[in-house]
Each structure stands twice: as structure tokens, then as C-alpha cells.
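Asks: What follows is a predicted structure for the sequence shown.
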Amino acid sequence: MSSDASQPTVRLEIVSHPSLLAAARALVATIAQRCGFDEIQCGQISLAVDEALCNIIRHGYNCRDDGRILISLSQREAQLPGIEIVIEDDALQVDPDTIRSRDLDDIRPGGLGVHIIREIMDEVSYTRRDRRGMRLTLVKHLHPVAAAHNSESNT
Amino acid sequence: MSSDASQPTVRLEIVSHPSLLAAARALVATIAQRCGFDEIQCGQISLAVDEALCNIIRHGYNCRDDGRILISLSQREAQLPGIEIVIEDDALQVDPDTIRSRDLDDIRPGGLGVHIIREIMDEVSYTRRDRRGMRLTLVKHLHPVAAAHNSESNT
Amino acid sequence: MSNTQELEIFTETIDDAVIVRPVGDIDLSGAPALRQQLKQAQETRPGRVVVDLGEVPYMDSSGLATLVEAMQIARKNQGKLIICALQQKVRSIFEIARLDMVFKIVNTRDEAMTL
Amino acid sequence: MSNTQELEIFTETIDDAVIVRPVGDIDLSGAPALRQQLKQAQETRPGRVVVDLGEVPYMDSSGLATLVEAMQIARKNQGKLIICALQQKVRSIFEIARLDMVFKIVNTRDEAMTL
Ligand SMILES: Nc1ncnc2c1ncn2[C@@H]1O[C@H](COP(=O)(O)OP(=O)(O)O)[C@@H](O)[C@H]1O
Ligand SMILES: Nc1ncnc2c1ncn2[C@@H]1O[C@H](COP(=O)(O)OP(=O)(O)O)[C@@H](O)[C@H]1O
């Protein structure tokens, strides 16, 4: 998956308890800062992780608060510096295609998490883990990158 | 060791790189806050962990920056509410009795880490791990506890 | 379970308006309390509900969902729901969620009271 | 390696005094840079070295060790080393290490310059 994740630095293991979200956010923000992101970006990256964790707690573990969640953070250097965050759980395995954001014009509570994650992060990919649970890989580049599908992004 | 560690909540795995100390501190402070400690205490608890990590980096791993360090944090409830922090490494095994603070009257750089850890935490115990490395167990109670050796602490 | 970091929520009634002022992070752990307080504040069908976010440094989509629900209740009651005093970081999540145009958002509580 | 969080250190010379002002956390990762800057500042044997900690929210024993070393150099040079503007959290580590009585610590930079 990640060809240039050069520093497999930090792993955080928590249980699926909402009161631990603040701790995960604090860690993610500090590591993002260390990777060179500014304060606003650090806040956004921890928001994306928070949303992913909320979804695991609510949909994956059905609000059970003792499920295991593993968050691995690494600084990417090489050609595309940035941060890579992998979130793994032992929860429900679902078809990755069913995890998608809803139409934002329909204003109602809920259905925003996946949208927020995709807005903030440059790469978002859900896969099933080998034996059980899901794996979510999130990447954010330090500098805007020309998108893969031929469109130049504005730098 | 810990009879009433009731919530084995959070585990952080880092490598022995000084630039990761800030991330460990951020996590420890948030978890300590969640355990009920005030802001000053949260800062002190993360200072104690920082000092322990510095020692592992400098003495245990001899400043190698790729050694593994595992920090487990749990909230203690039961009779003595507080926080328990266990720090494990794969580094040098030493006789726990050689890990001690120096005479503070001799004012010179260094030799303060162990003193700081002992001042801040209520229980500090170094043991060798089974196969390799050391384990440091740190406990801080939320409320002052009458000391074991018959002297009443002032509440 | 002791948890000092818990979101605190203050409610105040001035004439026909109810002001709800949460203090702390609004995430999955704090949103249920906010939801309950907002529901309670809206039971009397006040003409105006002001949500003062001046002391909320962080909000995630659980917070947004709670506010959307409160707005729907306000509409049903033919009342107003006004949000004020957003910190920059919190404003940015309204923008990401494209809710900055959906809610009535003003800078100060005074504006929220007179709008 | 990019690291925005890195400690920044500013140095200023006024008459016979050198003012060293670190900005950021002083831990094992930042202390070596502070040590180097202090050494450099002391090369000219200034009469007064002022370390302004007003923008240091955190310091651990690597920072303390660095300051003890600088104090020893100052003494050897028959100069003064004065620390000013400590934040409360940082003051508490001087106290824990029982160094609050060993260093000359004052509240403001003005005091540090006239003492
Ligand atoms: N970790 C997950 N496990 C299973 N399903 C998920 C997960 N994350 C998201 N989903 C699915 O994607 C949908 C959209 O998620 P989201 O945008 O966060 O909105 P909401 O959670 O409010 O429905 C969810 O309703 C759910 O069906
Ligand atoms: N993790 C460790 N592994 C091996 N030895 C240690 C460790 N921590 C502390 N020590 C020993 O304890 C002594 C005192 O540590 P400390 O008070 O932090 O002062 P300093 O590290 O500046 O010498 C050290 O000099 C070292 O010999």
C-alpha cells in the first residue's frame, strides 16, 4: 500500500470508548505537527481521525465500549512528504463500498463523518483485514499534489 | 503488581527518538485529565513520563533512536483512584537498585531525572522484564494516601 | 466514572430566548449531554434559541448532528436557532460540512439576541 | 527532517548583556540547540546572561541541566546568569528539582537587566 512510509513511528491502542477520543486527537495533532503541518491542518487531521473512530465505535462495534482499535501513525518523507495514518479494528467487516457519505443537500443529523474524512485527507481507503475487522488508511500530503486523474491541483 | 487497575485503556508504542517525547506528553496529559487530575498535576505526570523516557533513550538505548518503548496507561478506580503507567523497553537490563537519584546538594548538570520521577509519582518501581529490557511502573493517586510506613500524610 | 474533562453546559433564559452555552469539546462523548440540554431548553417552545460556542474549542460531526436536530425542532416550533461566537477551528468544520450557510451564524451573543 | 515544532532560540546583545530567549518546549529534543546557543552567547564572556523563559511552556531535566551548565560557565567567567519570566508550570519543575534557590530567578526582563 504505502511505498514511501519511511518512519513507522507511533502506534496507539485504545478501546472503543468515546471518552478516549480526546486522547487520540491530542496524539494525532502532535504527530501531525511534527510532520510539518500547521495548526489548522493538525486540527483537521485529528478531526478526520476522530470521525473515523466515531464510526468504528458506532457502526463497527455497535457502541460496545470495549472493542480494540489500533492507530498507527507514520511520517512520510521521500517524494511526497506527509502523514500516513492506519486505523484497524476487530469490528464488523463490511463491504468498503457501503461506507460512503450521503448527499449533503439533504440536511439532517448524521451522515457527515465520511464526507469530513474525505474532505480533509488526500487518500482514504477502507479494506477488510485478513481475519476480522476493517482497516482504514488515511494519507495527507504536506504540499498539494497534482491529482492522479490528470487534473492539476492549484499549488 | 497492580491489584485494582480497572481500566486497561491505552497503549502507546513509540521508538526511542527524542522528537516523539512531545507526543507522549500530550497523550499522557489527556489521559491524566480524564482520570481526574487537575492541569498542574497533568503537567507533572507527563513530566515524570518524559523523564523516564529520556532515561530509557539515554541510558537504556544509549541514544539509539530506533528502540521500542511501550507505554500503557490505565485509570485506577476501586479504593485508590488514580493513574497507573507502565513503561517497558527492550533496552539494557540493569539492577533496579542502580537507578537512583543523586545528592541534590551537588549542583551539576544531570542526575535529576529519577529525583523528579519520585517527587511526582506516589509509586515508582523498576523491574527487569522476562526476556529483555526493563519495566517501570508508576502510580499516582488522585487523593493523598496515608503512607504505608505508619506516617499519616496530610490530606 | 470521574471525568473532569466532561463538557459543561450552561443554560440561561432571557425573555423569549434561551441561551445554551457549552464549555469544552463537543465530540461523541459530550454530544449526548448537549442534545439533552437543547431538547430540554426547547420544551417551552422559546422564540429564540441561541447556542453560544465561544468556549468550544473543538466540535466533530456528533456536535453538528446535534445542532441540526435542534434547528429542526426550532423550525417545527416556528422559533429561531442562532449560533454565535464560533472559534476559527470550529467554524472550519461547519464549512467542511457545508453547514455554514444552513445555520444562522453570527459573531457575538448581542447580535444573536437582536437578529 | 522537517519539524515545525522545533524549539526556536533568539539571541540579542545589549551593552554587556546577552539575552537568550528560547520559544517552545525544552526537552531532550530541544536542549542540545539551547546548550549550543548558550555556549556561543557566553564565548565573549558577557557580564550578564539573561535567559528569558517567557515563551517556554514546558521544560524537563535536560533543560535544567543545560541551565546549570550555563550558570557554571557564567561563574567561571565572573559574570551573572539570570533567569526571568518563568511560566508557572516551568517554575514548578525548578522547585521539584530544588533549583529555585540556586538560580537567580526574577519576574521580568527589566528586573533581569537591572539586578
Ligand atoms: N467503520 C465503519 N464500519 C461499518 N460501517 C461504516 C463505518 N464507517 C462508516 N460506515 C457506514 O457509512 C455510512 C456513512 O457514515 P457517516 O458519513 O459517518 O455517517 P453516519 O455515521 O452519521 O451514518 C454509515 O451510515 C455506515 O453505514
Ligand atoms: N532506564 C534506565 N536504564 C538504565 N539506567 C538508568 C535508567 N534510568 C536511570 N538510570 C540510571 O540512573 C541514574 C540516574 O538517572 P537520572 O536521575 O535521570 O540522572 P542522569 O540520567 O542525568 O544521570 C543514571 O545515571 C543511570 O545510571
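Replies: Great, that's in hand. Ligands and ions are numbered 1, 2, ... in the order given.
Asks: mind listing the strands in chain C by residue range?
Replies: For chain C, applying DSSP state E gives strands covering C:8-14, C:17-23, C:48-52, C:80-84, C:104-106.
Asks: Which neighbours in the sheet does the last one have, and how are they oriented?
Replies: Same thing as strand C:104-106. Counting by DSSP bridges, the strands paired with strand C:104-106 are strand C:80-84 (parallel).
Asks: Can you give the contact residues for the partner strand?
Replies: Contact with strand C:80-84 is made by C:47-54, C:67, C:70-71, C:74-75, C:103-109, C:111-112, C:115, as judged by CB atoms under 8 Å, 6 or more residues apart in numbering or on different chains. Placement of C-beta: from N, CA and C, glycine included.
Asks: Closest residue of chain A to ligand 2?
Replies: Relative to ligand 2, the nearest point of chain A is A:Val10 (20.0 Å; CB to the nearest ligand atom).
Asks: follow-up on the earlier one: just put the strands of chain C in JSON lines and tack on mean neighbour count.
Replies: Shown next, in JSON lines, are the strands of chain C (neighbours: other CB atoms under 10 Å in any protein chain shown):
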{"stretch": "strand C:8-14", "mean neighbour count": "13"}
{"stretch": "strand C:17-23", "mean neighbour count": "20"}
{"stretch": "strand C:48-52", "mean neighbour count": "23"}
{"stretch": "strand C:80-84", "mean neighbour count": "22"}
{"stretch": "strand C:104-106", "mean neighbour count": "18"}
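Asks: can you put those in JSON lines and add distance to ligand 2 and mean pLDDT?
Replies: As requested, the strands of chain C are exported to JSON lines (distance: least, CB to the nearest ligand atom, whole Å; pLDDT from 0 to 100):
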{"stretch": "strand C:8-14", "distance to ligand 2": "39", "mean pLDDT": "96"}
{"stretch": "strand C:17-23", "distance to ligand 2": "39", "mean pLDDT": "97"}
{"stretch": "strand C:48-52", "distance to ligand 2": "47", "mean pLDDT": "98"}
{"stretch": "strand C:80-84", "distance to ligand 2": "50", "mean pLDDT": "97"}
{"stretch": "strand C:104-106", "distance to ligand 2": "52", "mean pLDDT": "98"}
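Asks: Kindly present those strands as TSV, with separate columns for distance to B:Arg108.
Replies: Shown next, in TSV, are these (distance: least, CB to CB, whole Å):
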stretch	distance to B:Arg108
strand C:8-14	47
strand C:17-23	46
strand C:48-52	54
strand C:80-84	56
strand C:104-106	58
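Asks: got a pLDDT number for the residue of chain A closest to ligand 2?
Replies: We have a pLDDT of 96 for A:Val10.
Asks: cool, the one 5 residues further on as well?
Replies: Here, the pLDDT recorded for A:Val15 equals 96.
Asks: for it, which residues make a bridge with it?
Replies: A:Arg68.
Asks: Give me the neighbour count for it.
Replies: For A:Val15, the neighbour count with other CB atoms under 10 Å in any protein chain shown is 18.
Asks: Contacts for the longest helix seen in chain A, please.
Replies: Criterion DSSP state H: the longest helix present in chain A is helix A:39-55. Here helix A:39-55 makes contact (CB under 8 Å, 6+ apart) with A:16, A:18, A:21, A:24-26, A:28-30, A:32-33, A:37, A:69, A:71, A:83, A:85, A:87, A:99, A:112-114, A:116-117, A:120-121, A:136, A:138, A:140, C:27-28, C:58, C:60-62, C:88-89, C:92-93, C:96.
Asks: Just the ones of those residues in helices?
Replies: Going by DSSP H, the helices hold A:21, A:24-26, A:28-30, A:32-33, A:113-114, A:116-117, A:120, C:61-62, C:88-89, C:92-93, C:96 from the contacts of helix A:39-55.
Asks: Got a quick PyMOL command for the buried subset of these?
Replies: Applying 16 or more other CB atoms under 10 Å in any protein chain shown to those, the buried members can be selected in PyMOL as follows:
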select buried, (chain A and resi 21+24+25+26+28+29+30+32+33+113+114+116+117+120) or (chain C and resi 61+62+89+92+93+96)
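Asks: Not counting its neighbours along the chain, what's nearest the closest residue to chain D within chain C?
Replies: Proximity of chain C to chain D (CB to the nearest CB) peaks at C:Pro57, 16.7 Å away. Nearest residue to C:Pro57 in three dimensions, chain neighbours excluded: C:Gln87, at 5.9 Å (CB to CB, 6 or more residues apart in numbering or on different chains).
Asks: Spit out the contact partners of the one you found.
Replies: With contact taken as CB under 8 Å, 6+ apart, C:Gln87 is in contact with C:Leu53, C:Gly54, C:Val56, C:Pro57.
Asks: Repeat the analysis, applying 10 Å as the threshold.
Replies: Neighbouring residues of C:Gln87 by CB atoms under 10 Å, 6 or more residues apart in numbering or on different chains: C:Leu53, C:Gly54, C:Glu55, C:Val56, C:Pro57, C:Tyr58, C:Met59.
Asks: again, but for C:Tyr58
Replies: The contact partners of C:Tyr58, taken as CB under 10 Å, 6+ apart, are A:21-22, A:25, A:43, A:46-47, A:50, C:24-27, C:30, C:87, C:89-90, C:93.
Asks: Report the two of these separated the most.
Replies: The most widely separated members of the contacts of C:Tyr58 are A:Leu21 and C:Gln87, with 18.4 Å between them, by CB to CB.
Asks: Nearest the geometric middle of chain C, what residue?
Replies: C:Val51 (3.5 Å; CA atoms, centre = their mean).
Asks: correct me, but it touches C:Ala70?
Replies: Yes - using CB atoms under 10 Å, C:Val51 is in contact with C:Ala70, at 7.3 Å.
Asks: Need the overlap of contacts for those two.
Replies: With CB under 10 Å, 6+ apart as the test, C:Val51 and C:Ala70 both reach C:Val20, C:Leu34, C:Leu38, C:Ala41, C:Leu81, C:Ile83, C:Phe103.
Asks: Name all residues that make contact with the closest residue to the fifth one other than its chain neighbours.
Replies: I take that to be C:Leu81. Once flanking residues are discounted, C:Leu81 sits nearest to C:Ala74: 3.9 Å by CB to CB, 6+ apart. Residues in contact with C:Ala74 (CB under 10 Å, 6+ apart) are C:Leu38, C:Gln42, C:Arg45, C:Pro46, C:Gly47, C:Arg48, C:Val49, C:Lys80, C:Leu81, C:Ile82, C:Lys104.
Asks: Can you give me the neighbour number for residue 71?
Replies: Picking chain A for this. 24.
Asks: other chain: chain C
Replies: C:Met71 has 24 neighbours, counted by other CB under 10 Å.
Asks: Could you give the residue of chain A that lies closest to chain D?
Replies: Counting by CB to the nearest CB, chain A gets nearest chain D through A:Gly36, at 4.0 Å.
Asks: Would you agree that residue is in contact with A:His143?
Replies: Yes - the criterion here is CB under 10 Å, and A:Gly36 meets it with A:His143 at 9.4 Å.
Asks: Looking at these two now, which is surrounded by more residues?
Replies: A:Gly36 (19 against 10).
Asks: quick one: the more buried one from chain C, how far?
Replies: Using CB to the nearest CB, to the nearest Å, A:Gly36 is found at 19 Å from chain C.
Asks: got it, and A:Tyr61?
Replies: From A:Tyr61 to chain C the distance is 12 Å (CB to the nearest CB).
Asks: can you pull the contacts of that residue?
Replies: A:Val15, A:Ser16, A:His17, A:Asn55, A:Gly67, A:Arg68, A:Ile69, A:Asp89, A:Asp90, A:Ala91, A:Leu92, A:Gly133.
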